[in-house]
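A.B. asks: fold the stuff below for me.
(one chain, ligands or ions: 1)
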Amino acid sequence: MKTADTALFQWVPIRTLAPRHRERAALHLLALEPHDRYLRFGFAATDEQVRRYVDGLDFDRDELFGIFNRNLVLIAMAHLAYSPDAKSAEQRATAEFGVSVLKQARGRGYGARLFDRAMLHGRNRGCTRLFIHALSENAAMLKIAANAGATVERDGSESAAWLKLPPDDLVSRVDELVGQHAAELDFRFKVHARRMGELMGLVRDVGDHIGEKARIASE
Ligand SMILES: CC(C)(COP(=O)(O)OP(=O)(O)OC[C@H]1O[C@@H](n2cnc3c(N)ncnc32)[C@H](O)[C@@H]1OP(=O)(O)O)[C@@H](O)C(=O)NCCC(=O)NCCS
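C.D. replies: Below is the predicted model:
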């Protein structure tokens, strides 16, 4: 069981993505190796198909989340998709989860944290079920789903995982709000730190240049 201390220690800044992040989302997905693209999309997606998927992302209907590193690279991204042509109330209350984490950032719990965030968001939006479609060989994805309590149904090379979500409450709403604000602060801090780094680099360059001029003048 997670204690408040471990939850705080494992806190990961997860931002809600907007249309302005489309290009970063494309770069993230294009950086996935062929086998990872195959696992993510269920087929060997070409660059063009990845671009089409990103161009078609509906940031109003669906929810996209991302984790940025200190260089502001999108290292992990999740898509919580709602069916555009849901016919029944049950279909409308079901969302499909898809995720990817860049190879160098795997095994740090980002995939699981994004899943937690998707569960929280789904609950707060009145969603009662999460659905995950994964290839049966995708041990990591199926572990994330199973750890969260999902029922996994294997059908040969394909698997489907279903997770029932509890209704939202005050805690789930506050949790999401606080998480979002903290992630925005974290991102602004990273932007600031990066600018400071660039500024310090510039100051160093100018110093080196002046030093070089002084050395030449004294020769
Ligand atoms: C699936 C994926 C998102 C997992 O990301 P991640 O950040 O490395 O996952 P986490 O660190 O949160 O690990 C989650 C769980 O899976 C386990 N796991 C991770 N990699 C594993 C592997 N290769 N085999 C078995 N289990 C694995 C972890 O041990 C952890 O379980 P635990 O908490 O019980 O220890 C990542 O591997 C990925 O991007 N794969 C390519 C795209 C993809 O498959 N997307 C899913 C289909 S929608």
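A.B. asks: what sits against the residue of the chain found nearest the ligand?
C.D. replies: Ranked by C-beta to the nearest ligand atom, the top residue of the chain for proximity to the ligand is G111, at 2.7 Å. All C-beta atoms are positioned from the backbone trio N, CA, C, and that covers glycine. Neighbouring residues of G111 by C-beta atoms under 8 Å, 6 or more residues apart in numbering: A76, V99, V101, A140, M141, I144.
A.B. asks: just the buried members of these?
C.D. replies: A76, V99, V101, M141, I144 (16 or more other C-beta atoms under 10 Å).
A.B. asks: could these go into TSV alongside pLDDT and distance to the ligand?
C.D. replies: Below are these laid out as TSV (pLDDT from 0 to 100; distance: C-beta to the nearest ligand atom, whole Å):
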residue	pLDDT	distance to the ligand
A76	98	7
V99	98	5
V101	98	4
M141	97	4
I144	97	5
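A.B. asks: so for the protein, the centremost residue is which one?
C.D. replies: M77 (2.4 Å; C-alpha atoms, centre = their mean).
A.B. asks: tell me what that one is bridged to.
C.D. replies: G66, S100 (DSSP bridges).
A.B. asks: residues contacting the closest residue to T94 other than its chain neighbours?
C.D. replies: Counting by C-beta to C-beta, 6 or more residues apart in numbering, R129 is the residue found nearest to T94 once chain neighbours are left out, at 4.5 Å. Counting by C-beta under 8 Å, 6+ apart, R129 makes contact with E90, A93, T94, A95, W162, L163, K164, L165.
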